[in-house]
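In: Provided below are the primary sequence and the corresponding predicted coordinates.
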Amino acid sequence: MSHDVLVVGETLIDCIPERPGPLEDVAGFDRRPGGAPANVAVALARLAEPPLFWTRVGDDPFGRYLERALVDHGLPDRFLERDSTAQTTLAFVTHDETGEREFTFYRDGTADTRLESGRIDDATLADCEWVHAGGVTLSSGSSRAATLDLLERAAAADCTVSFDPNLRSELWPDEGTVATVVGDALAHVDVCLATGPELEALGYEGESATALARAAVEEGPVHTAFVTRGAAGAVAVADADAPWGGAAVEHPGFAVDAVDTTGAGDAFVAGVIAALRDGDDLEGTVTFANAVGARATTDRGGMTALPTRAEVAALLEGE
Ligand code: ADP
């Protein structure tokens, strides 16, 4: 089977507390496969064709569990790496008093910080039409240079390059490094997908989601920017360089009974990639991606709640 999309980034264990409250008071956790790029890759497998996925886990029980989960979701094992000298990353996801998610990472020198440049050969890139990466592997270790190198070579190979900054300040040494490294990455990116606060943290200014998306596109080289707004849907702005044409669209999202928003942003990213590759215009793409994101909130779990195309179609028919 040919794989036209390559996704790169972390796969990790999300440890979900059995009940809300501060981490020090939680006695038990559920173990779930996670990592934003891993969720995007699995979401694409459920919506369209399984993409290639380049990731690295430890050769430990957690890593073997993650690898099995990825393969069970239909992803090819060609670029699933096992590191015999590093452990698998753990992330503990809790909520503060306002309901905002807080992350505690066990990620010092773990396997997903140890991707190495050059693993993806030129022939593989030449066969790919689309490459997607996230910001977490830019934060530390050899994965930073490996991710930057892949984005640069993907752009040179004329792939469409998409990027979700997925900023987790806990993982970065300081704000200056974030701005510099993510700025270096964005130089190779065509399509940026982010939240408003993430774009502000990267230095873009705007009073609204649309103004922030416009700022990202006007400053270039990104030609298309999507800004998600949780239950309020998403906006997108593309300039005339975009293959799908210049446009600015807003969609208010879909009213659903949300039970768990983990992975909604990743589902949205997969919805965008699937729709644009199907030849949809920007308006159709935002509508479809909002439906994918909304449907992903209606079941518990990140990866396990990602919808099939039929489930998304059912939600769209009700619009
Ligand atoms: P992230 O998960 O990256 O923080 P958002 O919370 O903005 O991103 O969610 C991404 C997308 O998922 C939204 O643009 C929307 O389409 C969908 N979504 C998220 N939360 C809800 C919700 N409560 N109801 C309906 N759709 C939602």
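Out: Looks like it came in fine.

In: ok but Asp77 is inside a strand, no?
Out: No: using DSSP: H, G, I helix; E, B strand; the rest coil, the assignment for Asp77 is coil, not a strand.

In: next, count neighbours for Ala225.
Out: Counted with other C-beta atoms under 10 Å, the neighbours of Ala225 add up to 27. C-beta: built from backbone N, CA, C; applies to glycine.

In: so what pairs up with it in the strands?
Out: Taking DSSP bridges as the rule, Ala225 bridges to Cys192, Val237.

In: list the contacts of it.
Out: Contacts for Ala225 (C-beta atoms under 8 Å, 6 or more residues apart in numbering) come out as 191-194, 199, 212-214, 216-217, 236-238.

In: repeat that with 10 Å
Out: Contacts for Ala225 (C-beta atoms under 10 Å, 6 or more residues apart in numbering) come out as 189, 191-194, 199, 204, 209-210, 212-219, 235-239.

In: do a quick rundown of the strands in the stretch 51-200 of the chain.
Out: Taking DSSP state E, counting those that start in this stretch as the test, the strands found in the stretch 51-200 of the chain are 52-58, 80-83, 90-95, 101-106, 130-134, 160-164, 191-195.

In: tabulate these (TSV), appending mean neighbour count, distance to Thr304 and mean pLDDT.
Out: Output for the strands of the stretch 51-200 of the chain, formatted as TSV (neighbours: other C-beta atoms under 10 Å; distance: least, C-beta to C-beta, whole Å; pLDDT from 0 to 100):
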stretch	mean neighbour count	distance to Thr304	mean pLDDT
strand 52-58	25	17	98
strand 80-83	18	19	98
strand 90-95	18	15	88
strand 101-106	13	18	88
strand 130-134	27	20	98
strand 160-164	25	20	98
strand 191-195	25	22	98
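
In: tally of neighbours for Ala123?
Out: When counting by other C-beta under 10 Å, one arrives at 7 neighbours for Ala123.
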